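Asks: Quick one, fold the following:
(4 chains)
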Number of protein chains: 4
Amino acid sequence: MQLGLVGLGKMGFNMRERIRRAGHEVVGYDRNPDVTDAESLADMVGRLSAPRVVWVMVPAGDITRQTIADLGDLLDEGDLVIDGGNSRFTDDTENAEALKAKGVHYMDAGVSGGVWGLEVGYGLMVGGEPEDVERAMPIFDALRPEGPREEGFAHAGPVGAGHFAKMVHNGIEYGLMQAYAEGFELLEASELVQDVPATIKAWQRGTVVRSWLLDLLVRALESDPELDDLRGHVEDSGEGRWTVEEAIKHAVPAPVISAALFARFASRQDDSPAMRAVAALRNQFGGHAVVTAGPSSGSGSTQS
Amino acid sequence: MQLGLVGLGKMGFNMRERIRRAGHEVVGYDRNPDVTDAESLADMVGRLSAPRVVWVMVPAGDITRQTIADLGDLLDEGDLVIDGGNSRFTDDTENAEALKAKGVHYMDAGVSGGVWGLEVGYGLMVGGEPEDVERAMPIFDALRPEGPREEGFAHAGPVGAGHFAKMVHNGIEYGLMQAYAEGFELLEASELVQDVPATIKAWQRGTVVRSWLLDLLVRALESDPELDDLRGHVEDSGEGRWTVEEAIKHAVPAPVISAALFARFASRQDDSPAMRAVAALRNQFGGHAVVTAGPSSGSGSTQS
Amino acid sequence: MQLGLVGLGKMGFNMRERIRRAGHEVVGYDRNPDVTDAESLADMVGRLSAPRVVWVMVPAGDITRQTIADLGDLLDEGDLVIDGGNSRFTDDTENAEALKAKGVHYMDAGVSGGVWGLEVGYGLMVGGEPEDVERAMPIFDALRPEGPREEGFAHAGPVGAGHFAKMVHNGIEYGLMQAYAEGFELLEASELVQDVPATIKAWQRGTVVRSWLLDLLVRALESDPELDDLRGHVEDSGEGRWTVEEAIKHAVPAPVISAALFARFASRQDDSPAMRAVAALRNQFGGHAVVTAGPSSGSGSTQS
Amino acid sequence: MQLGLVGLGKMGFNMRERIRRAGHEVVGYDRNPDVTDAESLADMVGRLSAPRVVWVMVPAGDITRQTIADLGDLLDEGDLVIDGGNSRFTDDTENAEALKAKGVHYMDAGVSGGVWGLEVGYGLMVGGEPEDVERAMPIFDALRPEGPREEGFAHAGPVGAGHFAKMVHNGIEYGLMQAYAEGFELLEASELVQDVPATIKAWQRGTVVRSWLLDLLVRALESDPELDDLRGHVEDSGEGRWTVEEAIKHAVPAPVISAALFARFASRQDDSPAMRAVAALRNQFGGHAVVTAGPSSGSGSTQS
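Replies: Residues are numbered from 1 along each chain as shown, chains lettered A, B, ... in the order given. Next up, the predicted model:
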């Protein structure tokens, strides 16, 4: 089938390639002239036969909302827009409403897989009307990994459900990564375990903790055995925050996912205001700043 | 080669079978007459030719320590004892010292894989002297999964390192399980995601969170889609506690692993004393117990 | 001075009394005829001389927003509305904007103290224009505790700052309560400490942990030494959630406040879906459900 | 009465002064010649009349254990040793046993108050035999704050109970400090609250969060309004760790106290190995290191 694809960055570029390999026709648009197929969004739309299907794969937030609004102006009744970016699921209802006024259909798709997706395929969670899911299925089948469809694709529910599922997926991902990371640090801290990379590599087969993330950790350790080529400053991209916010909204305890999120926040602080406050409190009752009369003594302790 | 195997429970029983399938001779001993090969520990030792290798696979703690002490009385100089149970790594040094006095060698082996190990193989992390590792390698090769040795087996370091690595493995396991569990609860709580089992099943291929534990979760959901055949009371088996204790000893922040551990503690409480204290405090300043003079009013709020 | 006061529940009823004791005139309105001074909101407004000051003390959320909207219809240019309820600070900007269109001024006031405020006074954090703060200062002085004004009253910033400060106050409160609660539970669990209420009572003077909340805990223990007259099911009222949400928005790590919040969520669950998922996973790899061929053995262990 | 006091550091020095002010005779010993009363431990013991009472106030751990062992050699049957340092409660049983062999009595005392204790008095939690408690009561009365004895002193239980109670006290203290600290950081991060020190100062009267620690925070903010004279690197002194370890031993969930402890650990790390592992994982699936073929594009996103 024919697909319009807006956004040809790391994700979209590879997705275009994978969809083409499956025999479909893709007209891609990106503002970067080196990678785009069309000269403009309008040009891209013009090259597609109605009823059109357009996949939006641009950074979440304002850019996505604007792109979808622009598409609303260009598309016709019966066309279908799929937002495959990491948008917040709450955007989906608004997008769907706005497009519906013009008779344009809307679906949301959570897409997982990173740069590995080109070869391995992408995990897909979609939200929308059954008939729209059906219409886009050839594209989903092209993108998803080999194997049974239901192991790499789910129609999770109505509009928004795809992004909600992807949000939760990423929240889980935060927790998984932090669990491995704490284990790595503890192995590093131990004097007993002498070959940390080999120990972690040995977890790849037969163990309970084997996973794709573990494979990636092994891979990272192979090129950088103490992981000291990079700094421990870790960004967060939105889904972790939204997951905790949704957990709060639904009164779901989320101690692990929130701990993983806060560890990222802390990792980016050169100096923590909170810990300065703790230091200041210790200073106050320990009296380092206020005791001037008392003699210092090697054998004495200050107790809180 | 020839192996003595003490303990033929769920783990040891399957391990005997897997080792035999690899062509080795196993003399197993268990106090359960239905499964044992030997009539007594002494009988088992007597049936092995020196230098002997004896694998201990009994519940960690006192039983393991006692079994190893008994073996010390029965074995000869040059024999090798391998503790494959979930013992605390601090036991290993003591066991090794005690046996060394009699010239008996000692190794520790962390074994992962559960009931799946018979078919899939067991992930192995061992601690001990290189020559002892070498001697037992045919057994390790029989137990570990197919594939490159280093992806299912590691010589992590000296005596104790195997159990330390297994302890950390299980600590990570706690964190991973809790991360999936929080995600599951949030999906269940959402009104958007209508087919939770299908959504989780779709994470098996292509996604970042794909793992063996995820496969097990899918399997569980297939037979019990809302997981309501069981109660959310979860035991902990030692390694999670030890991991947090070691993290504390080494000043390693372990917010995720400890949160997973505490979630298990809390899951087993019918009523939490701590939360009764919080309730009592709210009661005190909210004044539900003390305000008798003031009129109740539907439109009024009590604020802390 | 003269004040209109809407909402005469536990908080508002006592506040009217405290303001009157300070010599001011209060016209209170509550839909409960037993406590109200006026027959309607309009009646209350009608009894006040312009420029009027009206304090709103009704449950946060829709009721507050509706009450302020109704006041907007009744009040005149130059009048001042103060929202003293536990409203989310984000409501304040909207309320202020809506009233501003009619020339009505707006302030927000965070009020702390619970049922003790009548005698002790209320801690106050307000947000608004300096001239509005000045105008209402006689009321603030009546409500706040004895002592230096700056120890019980702060003009925290523009509109919204008062509720923001109160929100953070309550977030801290969650953390403090949980810290005491965990300590209480650990003392209870110990076989060493034989008189838990006496031990906690002894912290009231000289120690680092002495506080008003500690005094309340002592008070609770005096009437119920094991705190078993109540159940450990704890509600949360909004501010704790908002605090964590704001922490996330500002990338501020809040592990303690979020842990306290999640402990409340968990306290209200009869059975935790997340912990059912953990139990299901353990079941899968421990094989309690799947192993049928293997013999059970008292001396064997199943290891993950 | 007469007291021997070993250790005249910040705590012991002030305690000697407070006890003397109450009219008792104190023979202090410290290895620092500027503050000591006696030339040696033996000299101190020699100056006391039997039955003697000796208070040990030296840094916890090896120094305390050695000091108590030395006292065991010097003291006579019927004498009493009180360990007032921050020793782990598990040391107390051993100390008591060792001294008991010589007929020397032993008590443990948890002492709280820091440098403020000289003027305010010290909160005391003691463990030991009732007759020993009775014998030392004049000293306890001298040290504890004014007011009812039971508000600043508790006989918590047998030997060890005093240090156990102090350990829990300090664990709570960690949680309280972290709660205030998180609130401080969030207030600082907000653009709404313009005067953070004034806002926190206003919590001192009437609010739920008023406490001595809050008073100290106000004091710290008065001399350093943004708390930037110091760095957010915070030590931990043992009790916080022990509290979490005991919580684990008793299966008591301690999410807040452990979070506060881990925040201190993290505060001392220049770069976190765990967060380097998380960064490495993101790098692996985000492909920053591995994607060389794909073109970079400003409008594309990489999704996990």
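Asks: all strands of the stretch 1-150 of chain A, in order?
Replies: A:2-6, A:25-29, A:53-56, A:80-83, A:105-112, A:123-127 (DSSP state E, counting those that start in this stretch).
Asks: Now the fourth one: buried residues?
Replies: Along strand A:80-83, these residues count as buried under the neighbour rule (16 or more other C-beta atoms under 10 Å in any protein chain shown): A:L80, A:V81, A:I82, A:D83. (Each C-beta comes from the backbone N, C-alpha and C, glycine too.)
Asks: Just say helix, strand or coil for A:A156.
Replies: Of the three states, A:A156 takes strand under DSSP: H, G, I helix; E, B strand; the rest coil.
Asks: what sits against it?
Replies: Shown in contact with A:A156 (C-beta atoms under 8 Å, 6 or more residues apart in numbering or on different chains): A:125-127, A:162, A:164-165, B:192-195, B:198-199, B:202.
Asks: C:E151: which of those is nearest?
Replies: A:F164 (47.0 Å; C-beta to C-beta).
Asks: so that closest one sits right up against B:V193, yeah?
Replies: Yes. A:F164 is within contact range of B:V193, at 5.7 Å (criterion: C-beta atoms under 8 Å).
Asks: joint contacts of these two?
Replies: Common contacts of A:F164 and B:V193 (C-beta under 8 Å, 6+ apart): A:A156, A:G157, B:L187.
Asks: so how many other residues sit close to A:R21?
Replies: By other C-beta atoms under 10 Å in any protein chain shown, the residues close to A:R21 number 10.
Asks: dump the residue contacts of it.
Replies: Neighbouring residues of A:R21 by C-beta under 8 Å, 6+ apart: A:A142.
Asks: Next, work out how far apart it and A:E119 are.
Replies: Counting by C-beta to C-beta, to the nearest Å, the gap from A:R21 to A:E119 is 10 Å.
Asks: which stretch among the strands of the stretch 1-150 of chain A comes nearest chain D?
Replies: Smallest distance to chain D across these (C-beta to the nearest C-beta): 5.7 Å, for strand A:105-112.
Asks: so where's chain A shaky on pLDDT?
Replies: A:287-304 (pLDDT under 70).
Asks: Find the nearest non-adjacent residue to A:A280, please.
Replies: Nearest non-adjacent residue to A:A280, counting by C-beta to C-beta, 6 or more residues apart in numbering or on different chains: D:A220, 3.9 Å away.
Asks: In terms of secondary structure, what does the helix or strand harbouring the one you found contact?
Replies: Element membership for D:A220 (DSSP states H and E) is helix D:212-223. Other elements packing on helix D:212-223 under the criterion 3 or more C-beta pairs under 8 Å, 6 or more residues apart in numbering or on different chains; DSSP states H and E are helix A:273-286, helix D:161-189, helix D:196-201.
Asks: Can you tell me which of those is most buried?
Replies: helix D:161-189 (a mean of 29; mean count of other C-beta atoms under 10 Å in any protein chain shown).
Asks: give me the number of residues near the residue lying closest to A:K249 once chain neighbours are set aside?
Replies: Take A:K249 and drop its neighbours on the chain: the residue closest to it by C-beta to C-beta, 6+ apart is C:R241, 7.9 Å away. Neighbour count of C:R241, defined by other C-beta under 10 Å: 23.
Asks: Wait, a strand at C:R241?
Replies: No. With three-state DSSP as the criterion, C:R241 is assigned helix and is not in a strand.
Asks: That one: what's it in contact with?
Replies: Neighbouring residues of C:R241 by C-beta under 8 Å, 6+ apart: A:I248, A:K249, C:L261.
Asks: Give the buried subset of these as a ChimeraX selection command.
Replies: Buried members of the contacts of C:R241, defined by 16+ other C-beta under 10 Å, are picked up in ChimeraX with:
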select /A:248 /C:261
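Asks: how about the helices in the stretch 1-150 of chain A?
Replies: Assigned by DSSP state H, counting those that start in this stretch, the helices in the stretch 1-150 of chain A fall at A:10-21, A:41-46, A:62-74, A:89-100, A:117-120, A:130-143.
Asks: Pick the most deeply packed of the ones you listed.
Replies: For the helices of the stretch 1-150 of chain A, ranked by mean neighbour count under the definition mean count of other C-beta under 10 Å, the leader is helix A:10-21 at a mean of 23.
Asks: Of all the strands of the stretch 1-150 of chain A, which one comes closest to chain C?
Replies: Nearest of the strands of the stretch 1-150 of chain A to chain C, taken as C-beta to the nearest C-beta: strand A:123-127 at 18.4 Å.
Asks: Pull that closest one out as CSV, backbone CA atoms only.
Replies: Only the C-alpha atoms of strand A:123-127 are listed here, as CSV (Å, rounded to 0.1, in the frame of the first residue of the first chain):
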residue,chain,number,x,y,z
GLY,A,123,7.0,-3.3,18.9
LEU,A,124,3.7,-1.6,18.2
MET,A,125,0.8,-0.7,20.5
VAL,A,126,-2.0,1.2,18.7
GLY,A,127,-5.2,2.9,19.7
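Asks: Which pair of the contacts of A:A156 spans the longest distance?
Replies: Largest separation among the contacts of A:A156 by C-beta to C-beta: B:L192 and B:A202, giving 15.2 Å.
Asks: thinking again about what came up before, TSV please, covering the contacts of C:R241 and showing distance to C:D43 and secondary structure.
Replies: Converted to TSV, the contacts of C:R241 look like this (distance: C-beta to C-beta, whole Å; DSSP: H, G, I helix; E, B strand; the rest coil):
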residue	distance to C:D43	secondary structure
A:I248	40	helix
A:K249	39	helix
C:L261	41	helix
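Asks: and of the contacts of C:R241, the nearest to chain D?
Replies: Top of the list for closeness to chain D, among the contacts of C:R241 and by C-beta to the nearest C-beta, is C:L261 at 10.4 Å.
Asks: Against A:E245, how distant is the closest one?
Replies: Between C:L261 and A:E245 the computed distance is 12 Å (C-beta to C-beta).
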